[in-house]
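[1] coordinates only, sequence not included:
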């Protein structure tokens, strides 16, 4: 099958390698034409996945039309804030076949509209929602490209579409589960980046594993609350796109969002933290969208609101953590507040 | 309040310090009388928490009767396989006041009976189940004793009892939530140790964060299935005793169960792995009990069964992981199996 992968960052490149290993004819579109030519000649990706050879059934191109022509599957892996513009270019090209599969591997919520990535694609490509499959899960590109065992979720409302994506990507080291709750999968995978920034802040402040485990737990509850208000199913948040992706993003040294938080916890500004990172930290944008969405839907998001204040309002991270820890303790699942914390440590 | 803490391992000692900071009159019972005398004189715990000074309102004793006399709360923190004998000694002493609070901070399932720790206490102490509160959550003793922010759950069927435990333990760095699902809390916290051994095996084999995140996710599903069959509520498994404790145990360098698994993943035998550890790895015993229980209740536990085969039947850990990864991929939440994985990596 001929497949276009749009977006040549580390994840786009890793997914393209997986597809090429499955002997598909892969066209990887890099918006930077000079870099595309270099990669196509040198057969490696020095920026994102150094030392890795690109398979033979694999073309890197800066020409979007060349990538799209004859593609039976189009995989979007561009940063969330460029997805709408990229999809609009695809639509304008007239080269998206009417029966081509559409896959979103972009994670985030759009600022302003608060839309999920598949909603942005549906609007710009003018296709039926059932045609779009979201492919996510706990998966650092660095590890997938080294064939380290990984599990993903292919989510969508059309089972045949999900299975087609599953079949295209499955490898001995890559399990792909299907799931029909695309709302839950997209919300979970977008919001976990905000929680990962909070986890990084804890790391930067020198907090321990106990603190981070509590954060992951309360963060999952927060993401689930917002997801349910958006129509998701609760069990999705206990799955790979929920707990799985949250765990890997909050705890792994590879995680960019966690690293941004860590730099801020150590006292850097957001600008300094982002400058050090060659790649995009989706969580910064998603935090803005999530806070807006929480307020609009009347869902309490204390951790994400705290991240928002630290990132954009100069709130002291140490104070923010203190504040989260010393709210009056409650009943865990019933939300009944109880007596407040006692005095300072002796 | 006078409080007896029975069991002077790292967690018992850390909890006793918390209670002493809250100005309770704490009596820590150490079954090793010589060590108790040494600790009481030197005011520190060189074995488990080196460098830490014991507060003034804190007595270490090898005399169980002295610890129990006049106690308004008795906290059990002995290893799971000694809980029944310890509780029987407490009952035989006749020193458990009829209105004393009973707290279980022991994690595990009893081998043979498959009983939860609060069930063992109820039987041996001959007290009403509602009097017993289980205190658990993502909490390495090493971190709690250094005042690193930590959250716990006080679970029991009697709300007043849970609140009394919450009030006794809460500190500015220690949040305590109440929860009325003691079955879920005890099952989750016991079984997570088996999953932690599996996580360690992955570490020992050199697997990555993706693999571990998938394991945590599938492990949580497995624990939840068994818990539901035992009468627990599903949301408990998304809480601190579920996801929280699972995450900290599977990912932290402090985790003893994870370390046992890591040694085995590196090629050591179970005996070698346990010999290197001065402390108890509860997961080894719990894995036996969980496998029995799963078979009895007809609940599929593929990861825990795999850990069991590696620990007790000499199954090659590498093969076991391979087996778990290459089962036919399924629908994530609907359990529908689909086509099998493709051939080997090029």
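    Sure, I can see it. What you see is a predicted model; the values in this text were computed from it and never measured.
[2] For the rest of this, base every contact and every neighbour count on C-alpha atoms.
    Will do.
[3] Identify the single longest helix in chain A, thanks.
    If you go by DSSP state H, chain A has its longest helix at helix A:182-204.
[4] so what secondary structure elements neighbour that helix?
    Applying 3 or more CA pairs under 8 Å, 6 or more residues apart in numbering or on different chains; DSSP states H and E, one finds that helix A:182-204 contacts strand A:132-136, helix A:209-229, helix A:245-251, helix A:256-265, helix A:282-297, helix A:302-312.
[5] if you set the cut-off to 6 Å instead, what comes out?
    helix A:245-251, helix A:256-265, helix A:282-297 (3 or more CA pairs under 6 Å, 6 or more residues apart in numbering or on different chains; DSSP states H and E).
[6] what mean pLDDT would you report for the first one?
    Read it as helix A:245-251. Helix A:245-251 shows a mean pLDDT of 92.
[7] ok, now the last one?
    Taken as a whole, helix A:282-297 carries a mean pLDDT of 92.
[8] quick one: which helix or strand includes the closest residue to residue A:129 other than its chain neighbours?
    Of all residues not flanking residue A:129 in the chain, residue A:122 sits nearest, at 5.9 Å (CA to CA, 6 or more residues apart in numbering or on different chains). Residue A:122 is part of helix A:117-125 when elements are defined by DSSP states H and E.
[9] Quick one: list the elements packing against that helix.
    helix A:80-93.
[10] Where does the prediction get shaky in chain A?
    A:278-280, A:326-329, A:333-346 (pLDDT under 70).
[11] need the contact list for the residue nearest the centre of it.
    The residue lying closest to the centre of chain A (CA atoms, centre = their mean) is residue A:107, at 3.3 Å. Residues near residue A:107 by CA atoms under 6 Å, 6 or more residues apart in numbering or on different chains: residue A:190.
[12] Now the phi/psi pair for the residue of the stretch 101-250 of chain A found nearest chain B, please.
    With CA to the nearest CA, the shortest gap between the stretch 101-250 of chain A and chain B falls at residue A:178, namely 4.4 Å. Listed backbone geometry of residue A:178 is phi -100, psi 160, with angles given as degrees, to the nearest 10.
[13] My guess is it contacts residue A:154. True?
    Yes. Look at residue A:178 against residue A:154 with CA atoms under 6 Å: they come within range, at 4.7 Å.
[14] Would you mind grabbing the residues shared as contacts by the two?
    In contact with both residue A:178 and residue A:154: residue A:162, using CA under 6 Å, 6+ apart.
[15] Show me which residues of the stretch 101-250 of chain A sit near chain B.
    Residues of the stretch 101-250 of chain A that fall close to chain B, judged by CA under 6 Å from any CA of the partner chain: A:138-139, A:149-150, A:171-172, A:177-179, A:210-211, A:213-214, A:217, A:239-240, A:244, A:248.
[16] Quick one: end-to-end distance for stretch A:157-176.
    Start-to-end span of stretch A:157-176 (CA to CA, to the nearest Å) is 16 Å.
[17] any chance you could map the strands in the stretch 1-150 of chain A?
    Remark: strands assigned in the stretch 1-150 of chain A by DSSP state E, counting those that start in this stretch are A:2-6, A:25-29, A:44-45, A:49-53, A:58-61, A:73-76, A:101-104, A:132-136, A:150-155.
[18] Identify the residue of the stretch 201-346 of chain A closest to chain B, quick one.
    Counting by CA to the nearest CA, the stretch 201-346 of chain A gets nearest chain B through residue A:331, at 4.4 Å.
[19] Name whatever forms a beta bridge with the residue nearest to that residue when sequence neighbours are not counted.
    Leaving aside its chain neighbours, residue A:331 sits nearest to residue B:178 (4.4 Å; criterion: CA to CA, 6+ apart). Taking DSSP bridges as the rule, residue B:178 bridges to residue A:331, residue B:154.
[20] Please verify my assumption that residue B:178 contacts residue B:154.
    Yes. Under the criterion of CA under 6 Å, residue B:178 makes contact with residue B:154 at 4.8 Å.
[21] OK, contacts around residue A:100?
    Contacts of residue A:100 by CA under 6 Å, 6+ apart are A:72, A:73.
[22] can you give me phi and psi for it?
    When read as degrees, to the nearest 10, the backbone of residue A:100 gives phi -70, psi 140.
[23] how close does it sit to residue B:10?
    From residue A:100 to residue B:10 the distance is 59 Å (CA to CA).
[24] This completes my enquiry, with thanks.
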